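A.B. asks: got a structure for you, letters missing:
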Ligand SMILES: Nc1nc2c(c(=O)[nH]1)N[C@H]1C(S)=C(S)[C@@H](COP(=O)(O)O)O[C@H]1N2
Ligand SMILES: [Mo]
């Protein structure tokens with residue numbers, strides 16, 4: 001279904017809802033709607049039908065479908081990060097500026113054949129993967145919707161600084177700080193879908209599974225991208241999102257439907273979700289066992305799977321930017337935390353010798369970011385280092401350095417930003 005057809009479908013539903021409130025029958029409404037209206041889908045969670053067809057972006061199509069102009073993105077192939085030095089938008093990251101992280105390539109999912117298959121031992125009657133409870137897009141659109149503002153940030157955001165700042169390089173995408181974006185997500189609370197699917201009190205884990213191609217690494221087929229959520233988080237604030245910043249969720253960001261897990265590492269936010277396994281025993285995949293855990297000399301061997309994001313800050317400024325001595329500037333940036341809102345941001349313009357409080361402005365939400373600004377009149381010519389250090393409302397402050405981990409995850413140390421005063 002193209003975007004126009006989708007919007008028509010949304011409009012139809014709106015007319016239906018208002019009509020029902022006004023006591024009109026569905027038949028009468030369909031007559032009133034001047035357009036030819038296709039039969040609306042069956043009740044939510046009806047019998048299973050065809051599975052969604054995912055067309056892998058094959059052959060010549062690139063792994064990311066949207067344009068990646070070099071002034072907005074650093075392009076890593078299957079991944080692309082937002083460039084902080086050209087950030088000129090307001091609180092929300094526009095869709096065309098939002099970073100992309102794909103384990104393989106963006107698939108094109110047909111909205112009409114998309115189905116969410118829900119199964120497992122944590123549901124009444126323990127439906128199997130072969131005979132799941134299913135929900136189509138129309139059914140999902142009819143369930144009560146919620147809109148939230150939340151960041152999605154890759155667990156590896158800032159990974160390059162393990163090498164450049166701490167002298168312990170880690171393999172993997174060499175993100176600077178641009179593997180984050182903040183959007184408004186509209187969708188259905190996961191709790192609503194789980195309750196309707198017959199959730200029991202025995203359920204402990206919910207594993208959303210992506211429809212993108214299985215991930216093969218070094219000859220090992222790890223299957224579809226999937227990662228379990230503990231039932232407490234799944235029932236708390238997780239969304240099955242079908243809109244991003246008021247638009248149908250675009251293909252690169254998981255359209256038609258993705259999971260949004262506020263405050264948690266990016267990989268929890270499964271894109272192109274096609275199934276939910278609900279289990280009365282713990283679930284595992286490579287994404288919560290061999291990957292996305294802290295492994296290193298300073299971490300216990302049984303460290304838990306990553307969940308909440310750490311505190312970070314970024315300047316809206318190029319590395320090596322130049323300033324004229326004696327002129328007045330305003331330094332701007334953003335800070336964020338997965339655990340709370342931002343309580344304060346301190347900035348140093350002299351390599352960390354002295355610090356001043358930046359002025360926070362605009363929304364200051366947990367699991368999203370907070371904008372800040374600080375006036376600066378550089379005095380002396382020469383190189384210097386800018387630093388920004390945030391503290392969240394849980395009292396977590398960015399440290400000067402973080403212990404090494406082999407995945408290069410959660411680089412929350414204060415980033416040293418070199419500039420030149422000329
Ligand atoms: N199905 C699926 N979901 C996925 C991924 C993926 O490759 N496949 N990548 C994950 C990772 S590691 C991140 S950081 C986020 C990135 O979301 P974005 O591309 O919308 O920015 O999606 C997550 N969800
Ligand atoms: Mo990620």
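C.D. replies: It's in. Because the structure is a prediction, the values reported are computed rather than measured. Ligands and ions are numbered 1, 2, ... in the order given.

A.B. asks: what count of nearby residues applies to the closest residue to ligand 2 within the stretch 151-300 of the chain?
C.D. replies: Closest to ligand 2 within the stretch 151-300 of the chain is residue 154: 3.2 Å, counting by C-beta to the ion. Placement of C-beta: from N, CA and C, glycine included. When neighbours are counted by other C-beta atoms under 10 Å, residue 154 registers 24.

A.B. asks: can you pull the phi/psi pair for it?
C.D. replies: Dihedral pair for residue 154: phi -70, psi 140, per degrees, to the nearest 10.

A.B. asks: who are the neighbours in contact with it?
C.D. replies: 99, 101, 173, 175, 179, 180, 265, 266, 267 (C-beta atoms under 8 Å, 6 or more residues apart in numbering).

A.B. asks: could you redo the last one with a cut-off of 7 Å?
C.D. replies: Remark: with contacts taken as C-beta atoms under 7 Å, 6 or more residues apart in numbering, residue 154 is in contact with 101, 175, 179, 266.

A.B. asks: next, format these as JSON lines and append secondary structure and distance to residue 240.
C.D. replies: Formatted as JSON lines, these follow (DSSP: H, G, I helix; E, B strand; the rest coil; distance: C-beta to C-beta, whole Å):
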{"residue": "101", "secondary structure": "strand", "distance to residue 240": "19"}
{"residue": "175", "secondary structure": "coil", "distance to residue 240": "27"}
{"residue": "179", "secondary structure": "coil", "distance to residue 240": "23"}
{"residue": "266", "secondary structure": "helix", "distance to residue 240": "17"}
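
A.B. asks: out of those residues, which two sit at the greatest distance?
C.D. replies: Within the contacts of residue 154, 175 and 266 form the most distant pair, 10.7 Å apart (C-beta to C-beta).

A.B. asks: and for residue 259, the neighbour number?
C.D. replies: 26.

A.B. asks: and it, that's in a strand?
C.D. replies: Yes - assessed with DSSP: H, G, I helix; E, B strand; the rest coil, residue 259 lies in a strand.

A.B. asks: surely it touches residue 273?
C.D. replies: Yes - between residue 259 and residue 273 there is a contact at 5.5 Å, judged by C-beta atoms under 7 Å.

A.B. asks: list residues touching both of these two?
C.D. replies: Joint contacts of residue 259 and residue 273 (C-beta under 7 Å, 6+ apart) are 208, 240.

A.B. asks: quick one, phi psi at residue 374?
C.D. replies: The phi/psi pair for residue 374 (degrees, to the nearest 10) is phi -150, psi 130.

A.B. asks: again with residue 147
C.D. replies: phi -120, psi 130.

A.B. asks: skipping adjacent residues, who's closest to it in space?
C.D. replies: residue 186 (4.5 Å; C-beta to C-beta, 6 or more residues apart in numbering).

A.B. asks: check residue 213 too.
C.D. replies: Using C-beta to C-beta, 6+ apart, the closest residue to residue 213 is residue 104 (4.5 Å).

A.B. asks: next, count neighbours for the one you found.
C.D. replies: 17.

A.B. asks: my read: it touches residue 216, true?
C.D. replies: No - if you go by C-beta under 7 Å, residue 104 and residue 216 don't touch, sitting 8.6 Å apart.

A.B. asks: compute the first-to-last residue distance for stretch 315-333.
C.D. replies: Stretch 315-333 has an end-to-end distance of 4 Å (C-alpha to C-alpha, to the nearest Å).

A.B. asks: which other residues reach it?
C.D. replies: For stretch 315-333, using C-beta under 7 Å, 6+ apart, the contacting residues are 84-85, 87, 313-314, 347, 372-381, 386, 388, 417-422.

A.B. asks: quick one on the thing from earlier: secondary structure class for the residue nearest to residue 213?
C.D. replies: Quick answer, by three-state DSSP: residue 104 is coil.

A.B. asks: who touches it in this structure?
C.D. replies: Per C-beta under 7 Å, 6+ apart, neighbours of residue 104: 78, 212, 213, 215.

A.B. asks: how many neighbouring residues does the residue nearest to residue 221 when sequence neighbours are not counted have?
C.D. replies: Residue nearest to residue 221 in three dimensions, not counting chain neighbours: residue 214, with 5.6 Å by C-beta to C-beta, 6+ apart. Counted with other C-beta under 10 Å, the neighbours of residue 214 add up to 12.

A.B. asks: which ones are touching residue 214?
C.D. replies: Contacts of residue 214 by C-beta under 7 Å, 6+ apart are 221, 222, 223, 224.

A.B. asks: show me what contacts the last one?
C.D. replies: What that stands for is residue 224. Neighbours of residue 224 in contact, by C-beta under 7 Å, 6+ apart: 209, 210, 212, 214.

A.B. asks: may I have the phi/psi pair for the first one?
C.D. replies: Meaning residue 209. According to degrees, to the nearest 10, residue 209 has phi -120, psi 130.
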